[in-house]
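Novice: from the sequence below, what's the structure:
(one chain, ligands or ions: 3)
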Amino acid sequence: MTATIIDGKKVANDLHEEIRAKAEKLTASHGVVPGLAVILVGEDPASAVYVRNKVLATAACGIKSFEFKLPAETSEAEVLGLVEKLNADPEVHGILVQLPLPKQIDSDKVLGLIDPKKDADGFHPVNVGLLSVGLPGFVPCTPRGSAILIEKVLPDLSGKTAVVVGRSNIVGKPMIQLLLQKNATVTCAHSRTADLPAVCRTADVLVAAVGRPEMIKGDWIKPGAIVIDVGINRVLKPDGKGKLVGDVAFDEAKEVAGAITPVPGGVGPMTIACLMLNTLDSAYRSVGAEI
Ligand SMILES: NC(=O)C1=CN([C@@H]2O[C@H](COP(=O)(O)OP(=O)(O)OC[C@H]3O[C@@H](n4cnc5c(N)ncnc54)[C@H](OP(=O)(O)O)[C@@H]3O)[C@@H](O)[C@H]2O)C=CC1
Ligand SMILES: Nc1nc(=O)c2c([nH]1)NC[C@@H]1CN(c3ccc(C(=O)N[C@@H](CCC(=O)O)C(=O)O)cc3)C=[N+]21
Ligand SMILES: [Mg+2]
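Specialist: Ligands and ions are numbered 1, 2, ... in the order given. Next up is the predicted model:
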């Protein structure tokens, strides 16, 4: 059996078109253009790629983009000051501070200052709390995008087991919340889990968010499972050139899984599409309009 390859890029591009139509509708009815501000501190090459992809997506979605590229030595006070300015700016509906931040800056302090109503990443403790009690708020983009892909393949998770490998605040933990909401029976595995291969083999839905290139092998996967590979790892090929791989050994896994996301072209584009979706939601809420 060979798995269905889940085309995240295509799903993301379709979402961009829907978002553009809804953004235009909001502009026609309320004179509001959704706006997203992205703050990047320092020169991290991987972050630069994500920021470029975000700017391209805003253009496709009819969202206004405000980009702030600050030098690596920027002080915490300067970043906090910029966040306050953006909180007060009526043209900005979503604020994203690219992580990780340089070490002189306390990221909890910065994320905690973002107006929860403009928190397009869903990292503010208020939004984390809203997600965990099941109230409307902002859902982190990567889990939201992953959940959309899972729903396309398997709309009903009742009676299904889901395993998430990774327990970070930005991927693993919010992913667990979303899978629970969809009635899956969930397990969260991490670096202290005993016999990880056996835990993974119980999963009807396996989400890998570890940050270890191709760690999850084909024989860790239950035949027919849905595999969502969140990992984005840059590795060197034998010829010395760089390439992107996920946390799952794709070539092995696709012979066992029922459906699997590729890297690139899987979860990454969905993360960006959901950032656009969160910004659109925020702009609608800002005028009290129904989306
Ligand atoms: N596609 C996308 O849009 C995005 C992709 N990413 C990618 O997803 C991956 C995960 O990101 P993120 O959640 O931020 O990473 P973190 O480093 O914050 O978290 C990694 C998690 O994996 C666990 N882990 C590490 N090593 C092992 C191991 N050997 N066995 C089991 N568990 C392990 C850690 O466990 P413990 O808690 O015990 O240390 C931790 O919970 C990265 O590759 C990142 O680049 C991230 C965000 C968006
Ligand atoms: N505050 C904050 N929010 C984030 O959402 C956030 C962050 N910080 N820091 C870094 C991680 C990582 N991340 C990705 C986004 C897009 C791609 C993406 O577009 N990937 C493409 C291709 C990328 C490429 O070619 O390099 C793909 O997988 O097909 C990947 C990874 C968001 N993150
Ligand atoms: Mg820091």
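Novice: and residue 228, what are its bridge partners?
Specialist: residue 207 (DSSP bridges).
Novice: quick one: neighbours of it, just the number.
Specialist: 31 (other CB atoms under 10 Å). Where you see a C-beta, it was placed from the backbone N, CA and C, and this is true even at glycine.
Novice: distance of it relative to ligand 2?
Specialist: 12 Å (CB to the nearest ligand atom, to the nearest Å).
Novice: from what I see, that residue and residue 208 are in contact.
Specialist: Yes - judged on CB atoms under 8 Å, residue 228 makes contact with residue 208 at a distance of 7.1 Å.
Novice: in this structure residue 130 contacts residue 136, no?
Specialist: Yes - proximity of residue 130 to residue 136 meets the contact threshold set by CB under 8 Å, at 6.8 Å.
Novice: between these two, which is the more surrounded one?
Specialist: Per other CB under 10 Å, whichever of residue 130 and residue 136 has more neighbours is residue 130, with 17 against 10.
Novice: now do that one against ligand 3, distance only.
Specialist: 25 Å (CB to the ion, to the nearest Å).
Novice: ok, now residue 232?
Specialist: With CB to the ion as the criterion, residue 232 and ligand 3 are 20 Å apart.
Novice: that residue and residue 248 touch, don't they?
Specialist: No - assessed by CB under 8 Å, residue 232 is found out of contact with residue 248, at 12.0 Å.
Novice: compare those two (neighbour count), which wins?
Specialist: Taking neighbours as other CB under 10 Å, residue 232 and residue 248 compare with residue 248 leading, 33 against 21.
Novice: which phi and psi does the more buried one have?
Specialist: phi -110, psi 140 (degrees, to the nearest 10).
Novice: what do you get for residue 136?
Specialist: With angles defined as degrees, to the nearest 10, residue 136 sits at phi -70, psi 130.
Novice: up against ligand 2, what does the stretch 51-200 of the chain have?
Specialist: 53, 96, 97, 98, 99, 121, 141 (CB under 6 Å from any ligand atom).
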